[in-house]
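Engineer: Can you look at this prediction? I've put the sequence above it.
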Amino acid sequence: MRWNKALIPTFKEDPSDAEVISHKLMLRAGIIKQLSAGLYTFLPLGWRAMLKAMKIIREEMDDIGAQEIFMPSLNPIEIWEETGRAKDMSEILFTFEDRKGHRNVLAPTHEEIITHIARDEIRSFRDLPQIWYQIQNKFRDEPRARFGLLRVREFLMKDSYSLCANWEQLDEIYNLHERAYRRIFSRCGLKYVVVGASSGLMGGSASQEFMVPSDAGEDSTVFCEKCGYAANTEVAESIPSEGSWVEFPGRKKIHTPFLKTVDEVSKFLGVPQNQMLKSLIYVSQKDGQPIMVLLRGDHQLNEEKLSRYIGGTVRPAHPEEVLEWFGVPVGFLGPVGVPKNIKILADKAFPIDKQFATGANEEDYHIVGWKLSEIPDVEFGDFRTVQEGEKCVKCGAPLSVKTTIEIGHIFKLGTRYSEAMGATFTDVDGEQKPIIMGSYGIGIGRILASAIELYADENGIIWPITIAPFEVIITALDVTKSDVVDVAEKLYADLRSAGVDVLYDDRDERAGTKFKDADLIGIPIRITVGRKVAEGNVEIFVRKDGSRQDVRVEDAVNRTVEIRKKLIEEIENKV
RNA sequence: CGGGGUGUGGCGCAGUUUGGUAGCGCACCUGGUUUGGGACCAGGGGGCCGGAGGUUCAAAUCCUCUCGCCCCGACCA
């Protein structure tokens, strides 16, 4: 491609409404252009990088025997009602009526459509297993699109689905995906970790996420440096800190006017924070019933864990609701003497035989000296969020918590969809059984964003060569000089013949502009054709390490091909 | 959805407090001088100031409503 004729709108200044590095650089480098909140056009450079990533994905998917298909994004809502997800996902589902008045959805994912195909086409265990995948735009009405390509409302996803006759097959195909995903992300030049995750709205048994550690990430992941344990905080476990505990001579009610927070009350009573019992009220979205959750005062609730326990989403109760149900304002709640119909859950990190201090269910009063073992009908579970520094459950080393970008997610779905939609097959024993499914997603735009987050420097993007929009840029300085142009043109033609992706900067711009632009858009190898052609030389510059070398014009193509090969190998060797 | 911010040529911003009909830098066009890290000189084009309504002789500026975008909190590739 000749830059002179290309659409590569670069900017010197940071755009005002970008926050994270990848977003700023993608806008500045002419990779993407925003249309509206969470909607972006991929400009030529961006789309070329996307195509590179897709090529890698297709190769690896095809390699595990997956078959590429293409499903409609426009779906009648009825199919989403069959599985109940029209309701479960209603918050993020784009829906609208067509001219006949039928309700439609723009698909946020494709389990339903896959199951629809499967229930018609799969008859026998002999038809299984199957892996079907597609690369398709997904639509999710995110409450808050942000951070450029990291969180958008329409995005390109590679999604695959496995259909199996038994659980062993599912394990096998799930593992195939895990391996394929490792290869895909490694070949895209990313650094990532595979972590245990929650299956959330997808349902199912096991799930793992592929995470790129980055400050721009929106997930938080717990890591053990020592043994390698890693899990999304939604599912992560840890050994809580010991805490310190005081003895109360007996049960007592204490006047605590205006003292509401754990911090205030613990100071006033002289009780360690960990010995305070924090009583939170949540509401089950399913039946609207209130739930009381008890935690150590120094711990934080994890809503995802709670909703998994409940089997449905939850929300914090409004203060008015609390007043209505308990007759006291938040801040003075406790498990002693709550109305009978209220479900009480306690986090297992609070020792059952230790005395606690908590609200008295009476305004301006707290109580001390009770134990959880004395509270009737309490259910125990893991409801807390792991905190930095707590001990690893596997090896006891201190854990760290980092933010991460989720680039891939694999799920063992089981029979949730096949049962809901009647997708069955005849097994060897002649029985009709629901197909056992798995689903596996990759956010392709996030691959690009992650690469930029990982490798950019103060001059701009540094693409891993495997997903770079171009592998080589020829920077012709002073295009008014015929010897420069002649050499540049010849290199351009010869490199393309050698199968190299080349961008030829043939613009009549000053050297500084061209160098800055080349750095900004992050092309891995730059060939500078300038005054050194007088001595028969050009310069080869490697973006990644800043190395430069002068080579004879006649050796330039070979040398460039060698460097390109080396850069690719550096990535491929890590696979 | 709640809270905060912002909207002025393609981009980044000033002007709004104190109404008088729009300005700066980058980019763009013409000519010239320059030419290995975002040049310089001269000239030029482009915006009725997010939208609607109102107040006023007069509105980017004041009032009302509305929309977009960004940021902070609950979801996901």
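Structural biologist: Looks like it arrived, so ask away.

Engineer: Which of the three states applies to A:Ile57?
Structural biologist: helix (DSSP: H, G, I helix; E, B strand; the rest coil).

Engineer: so what's it up against?
Structural biologist: A:Ile135, A:Lys158, A:Ile184, A:Ile442, A:Ile444 (Cβ atoms under 8 Å, 6 or more residues apart in numbering). Every C-beta, even on glycine, is put in place using the N, C-alpha and C of the backbone.

Engineer: is it true that the first one touches A:Gly441?
Structural biologist: Put plainly, it is A:Ile135. No. Assessed by Cβ atoms under 8 Å, A:Ile135 is found out of contact with A:Gly441, at 10.9 Å.

Engineer: quick one: common contacting residues for those two?
Structural biologist: Joint contacts of A:Ile135 and A:Gly441 (Cβ under 8 Å, 6+ apart) are A:Met157, A:Lys158.

Engineer: Pick out whichever of those two has more residues nearby.
Structural biologist: Under the criterion of other Cβ atoms under 10 Å, the comparison of A:Ile135 against A:Gly441 puts A:Gly441 first, with 23 against 19.

Engineer: most surrounded residue in the contacts of A:Ile57?
Structural biologist: Counting by other Cβ under 10 Å, top hit in the contacts of A:Ile57: A:Ile442 with 28 neighbours.

Engineer: Help me confirm that that residue is found in a helix?
Structural biologist: No. Read with three-state DSSP, A:Ile442 is strand and lies in no helix.

Engineer: A:Ser238 and A:Asn302: what is the separation?
Structural biologist: 12 Å (Cβ to Cβ, to the nearest Å).

Engineer: And the contacts of stretch A:496-508?
Structural biologist: A:1-4, A:6, A:48, A:468-476, A:479-480, A:485, A:488, A:492, A:495, A:514, A:517-518, A:523, A:557, A:560-561, A:564.

Engineer: quick one: which of those sit in helices?
Structural biologist: Counting by DSSP state H, the part of the contacts of stretch A:496-508 found in helices is A:Arg48, A:Val485, A:Ala488, A:Tyr492, A:Leu495, A:Lys514, A:Asp517, A:Ala518, A:Val557, A:Thr560, A:Val561, A:Arg564.

Engineer: what's the neighbour count on the second one?
Structural biologist: Residues within reach of A:Val485, counting by other Cβ under 10 Å, total 16.

Engineer: Quick check: the closest residue to it other than its chain neighbours vs RNA strand B, distance?
Structural biologist: Spatial nearest neighbour of A:Val485, chain neighbours left out: A:Val479 (5.7 Å); criterion: Cβ to Cβ, 6 or more residues apart in numbering. A:Val479 sits 8 Å away from RNA strand B, taking Cβ to the nearest atom of the strand, to the nearest Å as the criterion.

Engineer: any shared contact partners between A:Ser238 and A:Asn302?
Structural biologist: Shared contacts of A:Ser238 and A:Asn302 (Cβ under 8 Å, 6+ apart): none.

Engineer: Tell me the bridge partners for A:Leu163.
Structural biologist: Note on A:Leu163: beta-bridge partners by DSSP bridges are A:Gln130, A:Met437.

Engineer: actually A:Phe42, sorry about that
Structural biologist: Counting by DSSP bridges, the residues bridging with A:Phe42 are A:Ile32.

Engineer: Contact partners for it?
Structural biologist: Counting by Cβ under 8 Å, 6+ apart, A:Phe42 has contacts A:Ile31, A:Ile32, A:Met50.

Engineer: Let me have these in TSV, adding neighbour count and distance to RNA strand B as columns.
Structural biologist: Converted to TSV, the contacts of A:Phe42 look like this (neighbours: other Cβ atoms under 10 Å; distance: Cβ to the nearest atom of the strand, whole Å):
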residue	neighbour count	distance to RNA strand B
A:Ile31	32	14
A:Ile32	24	12
A:Met50	22	12
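
Engineer: Now flag whichever of those is closest to A:Thr528.
Structural biologist: A:Ile31 (23.1 Å; Cβ to Cβ).

Engineer: ok, and the closest non-adjacent residue to the closest one?
Structural biologist: Nearest to A:Ile31 is A:Gly46, by Cβ to Cβ, 6+ apart, at 3.8 Å.

Engineer: what does A:Lys278 give?
Structural biologist: A:Lys278 sits nearest to A:Leu295 (Cβ to Cβ, 6+ apart), 4.6 Å away.

Engineer: The helix or strand encompassing the one you found: partners in the sheet, and parallel or antiparallel?
Structural biologist: For A:Leu295, the host element (DSSP states H and E) is strand A:290-296. Here strand A:290-296 is paired, per DSSP bridges, with strand A:277-284 (antiparallel), strand A:343-347 (parallel).

Engineer: Confidence-wise, which of these is weakest overall?
Structural biologist: Of all these, mean pLDDT reaches its minimum on strand A:277-284 (a mean of 87).

Engineer: Pull out the buried residues from the strand ranked longest in chain A.
Structural biologist: Ranked by number of residues, the top strand in chain A under DSSP state E is strand A:400-414. Buried positions in strand A:400-414, judged by neighbour count with 16 or more other Cβ atoms under 10 Å: A:401-402, A:404-414.

Engineer: of all those, which comes closest to RNA strand B?
Structural biologist: A:His409 (3.3 Å; Cβ to the nearest atom of the strand).

Engineer: Distance check, that closest one against A:Thr109.
Structural biologist: 10 Å.
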